[in-house]
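In: Provide a 3D model corresponding to the input given below.
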Amino acid sequence: MPKFQTRVFRTVRILVLLAILLAVGLTSWQTSRRIAQWDLPLRVAVHPIAGDDSDTTRRYVAALTDRTFQPVERFFDDEGSRHDVHSSFGQLVRIRKGGAVGEQPPPAPIDGNVLQIMWWSLRLRYWAWRVAPATTPAPDVTLFVVYFDPRRTESLEHSFGLEKGRIGIVNAFAADTMAGTNNVVVAHELLHTVGATDKYDPRTREPRFPGGYAQPDASPRLPQRFAEIMAGRIPVSASESTLPPSLNATLVGEATAREIGWAR
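Out: Model (predicted):
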């Protein structure tokens, strides 16, 4: 190929790539702006994954429906109303169960450095794009909930929610008795995807004051009655906290409300 044609071809290819990147960036910006306004329902697709080969897990995953996640929708509606945030369509979050996924997500690096975490994030986004079954309309947020048989797994690995790409990986128990705590984690990671940050000490997992307290102005301050959703635990003393049994025992605090555009 003549040098002139080679240069033209290279220039056209670069322009096409730039146009694609611009379109992706513009779409992402428009979506972020729409989400920040909370005027339209946030569309969430949940794809279940069997985390082990247990028959209990397999049956539990097969029985999941949209109703499984309705408590999360109600939580957002109730907390939005408490912060005077309302959607024109009467619902802030709309969750639909998508098709099951038969492949495990790439494992997150344990105590990884910045480059390792960035590489994992890229791998995770590519994996999600490759394995997520199509849903209509296209979701704003995609969550993958990995279920484990509680008789085989006593404790779960940390769950993740990424604002870039709006993807979440939730580890959960395949048991009806754990549905309440599962939904607490789903709501927590969902909030990560729209800008909320953790409100607990990463070393101790204890809620940080004041942002990690659902009612920091309560008198007496302890014990608290609720968990701040991004702290994930109910402070009962200066050194002790308990897990909320369901979303009924959690609130969106002021700091979290500001981060997701519910308050100024």
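In: and Arg130, backbone torsions?
Out: phi -80, psi -40 (degrees, to the nearest 10).
In: same question, Val131
Out: phi -100, psi -20.
In: That one against Ala100, yeah?
Out: No. Using Cβ atoms under 8 Å, Val131 makes no contact with Ala100, being 10.4 Å away. The way it works is simple: take the backbone N, C-alpha and C, and place the C-beta from them, glycine included.
In: Identify the residues contacting Arg203.
Out: Contacts for Arg203 (Cβ atoms under 8 Å, 6 or more residues apart in numbering) come out as none.
In: now Arg152
Out: With the criterion set at Cβ under 8 Å, 6+ apart, Arg152 makes contact with Asp52, Ser54.
In: gap between it and Phe173?
Out: 10 Å (Cβ to Cβ, to the nearest Å).
In: what's the domain layout of the chain?
Out: Taking automatic domain parsing as the reference, the chain has its domains at 42-195, 197-264.
In: Now tabulate those in JSON lines and tack on mean pLDDT.
Out: Formatted as JSON lines, the domains of the chain follow (pLDDT from 0 to 100):
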{"stretch": "domain 42-195", "mean pLDDT": "95"}
{"stretch": "domain 197-264", "mean pLDDT": "96"}
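In: Reformat the ones you listed as CSV; add distance to Ile14.
Out: Shown next, in CSV, are the domains of the chain (distance: least, Cβ to Cβ, whole Å):
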stretch, distance to Ile14
domain 42-195, 22
domain 197-264, 36
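In: Identify whichever of these lies nearest to Arg13.
Out: domain 42-195 (21.4 Å; Cβ to Cβ).
In: Give me the distance from stretch 146-157 to the chain's centre.
Out: 19 Å (Cα atoms, centre = their mean, to the nearest Å).
In: buried ones in that stretch?
Out: Val146, Tyr147, Phe148, Asp149, Pro150, Thr153, Leu156 (16 or more other Cβ atoms under 10 Å).
In: ok, now which ones touch the third one?
Out: Shown in contact with Phe148 (Cβ under 8 Å, 6+ apart): Gly51, Asp52, Ser54, Thr57, Leu156, Asn171, Ala172, Phe173, Ala174.
In: Buried by neighbour count, from these: which ones?
Out: Buried, going by 16+ other Cβ under 10 Å: Gly51, Ser54, Thr57, Leu156, Asn171, Ala172, Phe173, Ala174, out of the contacts of Phe148.
In: and the gap between the second one and Asn113?
Out: Which is Ser54. In terms of Cβ to Cβ, Ser54 sits 35 Å off from Asn113.
In: repeat for Arg203
Out: Going from Arg203 to Asn113 by Cβ to Cβ gives 18 Å.
In: Which members of the buried residues of stretch 146-157 occur in strands, if any?
Out: Residues of these located in strands (DSSP state E): Val146, Tyr147, Phe148.
In: can I get these in TSV with distance to Asp217?
Out: Formatted as TSV, these follow (distance: Cβ to Cβ, whole Å):
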residue	distance to Asp217
Val146	38
Tyr147	38
Phe148	39
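In: Helices of the stretch 1-150 of the chain, residue ranges please.
Out: Under the criterion DSSP state H, counting those that start in this stretch, the stretch 1-150 of the chain contains helices at 3-37, 55-63, 70-82, 114-131.
In: same thing with the stretch 151-264 of the chain?
Out: 179-193, 254-259.
In: starting at the chain centroid, how far to the first one?
Out: In terms of Cα atoms, centre = their mean, the gap separating the centre of helix 179-193 from the centre of its chain is 7 Å.
In: now the angle between helix 70-82 and that helix, please.
Out: Angle of helix 179-193 versus helix 70-82, following axes from the mean of the first three to the mean of the last three Cα atoms, to 10 degrees, is 60 degrees.
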